[in-house]
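1. A structural model of the following input is requested.
(chains A and B)
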Protein chains: 2
Amino acid sequence: MKVAELLCRKGARILSARMDETVETAARLLSRENAGALVVKDTVGNEGDTIVGMFSERDVLHAIAQHGVSALQKPLAEIMSRQVIHCTSEDTTDHVLHLMHAHQIRHIPVLDGHQINGVISIRDMIGLSIEERAGAAERATPPSP
Amino acid sequence: MKVAELLCRKGARILSARMDETVETAARLLSRENAGALVVKDTVGNEGDTIVGMFSERDVLHAIAQHGVSALQKPLAEIMSRQVIHCTSEDTTDHVLHLMHAHQIRHIPVLDGHQINGVISIRDMIGLSIEERAGAAERATPPSP
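-> Okay, the predicted model is just below:
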């Protein structure tokens, strides 16, 4: 399956924060949305389609380990991952699975050129895997007479 | 595949903390181990095999959302999930995948009776899925003459 088709199914809502917002603000947003990561935009780019980094709940852990309590008041710009592992709409979902596995990450933004068109999560991939297994099992079952 | 076989492959190392340790201490441990969750044991049970809850990086987010900066000094007993979704060594990995999807969780402890024998992570399941796909592709390719 192409990434474009998966995005089409899940809807293209993209959780984002500005790079000058704090770790605490981003943590509250992720908690409210029950999400594991968000894309970080620049300080004026809230209407834009380009991103400057990714910020995940794992980054919250690393920030606490490094800075203790003061981590929560750090701006995302200091904590986020700037080297963003991404895919395009034309990639396959198998490729996304390999990216997640190879880089041990659970969210892959979909970038076409500089434009962000969605984020694929490991939860999306698990849903897809269950669907595929169910489909394979159905095909393997002979039709009842 | 049975859960027992997956545990055998990944090794049975189990990350744990005591219920009187703080969110900050647990966050530092998760960060150091690059892990998303740990099992919580009671205050005297560091040698025991029973658990009283699970604590994940998502719980860190929820604690910050609820308590702000003071979340980091709360004991795990206040923050952890006490209702633990678990599997047994005899369950199939397909069942584990369904549990993760249905409950939107990424770590399933393996409990046989009261004894904990491991924790299956969503990362383990992705690794398995990649292996299975590679195996299926190999079987689908006719042998070269």
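2. could I get the phi/psi values of the residue nearest the centre of chain A?
-> For chain A, the residue lying nearest the average C-alpha position, counting by C-alpha atoms, centre = their mean, turns out to be A:H107 (2.9 Å). A:H107 has phi and psi values of phi -140, psi 130 when expressed as degrees, to the nearest 10.
3. go on, A:E132?
-> When read as degrees, to the nearest 10, the backbone of A:E132 gives phi -60, psi -40.
4. so how far is B:S70 from the residue nearest to A:A26 when sequence neighbours are not counted?
-> For A:A26, ignoring the flanking residues on the chain, the nearest one in space by C-beta to C-beta, 6 or more residues apart in numbering or on different chains is A:A17 at 4.9 Å. To be clear about C-beta, it is placed using only N, CA and C from the backbone, and glycine gets the same treatment. Between A:A17 and B:S70 the distance is 22 Å, computed by C-beta to C-beta, to the nearest Å.
5. not counting sequence-adjacent ones, nearest residue to the residue nearest to the centre of chain A?
-> Of all residues apart from its sequence neighbours, A:A37 sits closest to A:H107 (C-beta to C-beta, 6+ apart), at 3.9 Å.
6. from A:S81, how far off is the one you found?
-> 9 Å.
7. quick one: which of those two has more around it?
-> Set A:A37 next to A:S81 and count neighbours by other C-beta atoms under 10 Å in any protein chain shown: A:A37 wins out with 24 against 16.
8. phi and psi next, for that one.
-> Recorded main-chain torsions at A:A37 are phi -160, psi 160, according to degrees, to the nearest 10.
9. tell me the angle the helix or strand of chain A with the lowest mean pLDDT makes with helix B:122-140.
-> Across the helices and strands of chain A, the lowest-confidence element by mean pLDDT, DSSP states H and E is helix A:122-140, at a mean of 84. Orientation note: helix A:122-140 sits at an angle of 40 degrees relative to helix B:122-140 (axes from the mean of the first three to the mean of the last three C-alpha atoms, to 10 degrees).
10. helices along chain A, start to end?
-> A:3-10, A:23-33, A:57-67, A:76-79, A:93-103, A:122-140 (DSSP state H).
11. common neighbours of A:A37 and A:S81, please.
-> A:M54, A:F55, A:S56 (C-beta atoms under 8 Å, 6 or more residues apart in numbering or on different chains).
12. among these, who's most crowded?
-> The most neighbours of any of the shared contacts of A:A37 and A:S81, using other C-beta under 10 Å, belong to A:F55, which has 28 neighbours.
13. against chain B, how distant is it?
-> As defined by C-beta to the nearest C-beta, to the nearest Å, A:F55 lies at a distance of 12 Å from chain B.
14. residue contacts, that residue?
-> By C-beta under 8 Å, 6+ apart, the contact list for A:F55 reads A:A17, A:A26, A:A37, A:L38, A:V39, A:V40, A:L76, A:I79, A:M80, A:S81.
15. then A:T22?
-> When the contact criterion is C-beta under 8 Å, 6+ apart, the partners of A:T22 are A:L72, A:Q73, A:K74, A:P75, A:L76.
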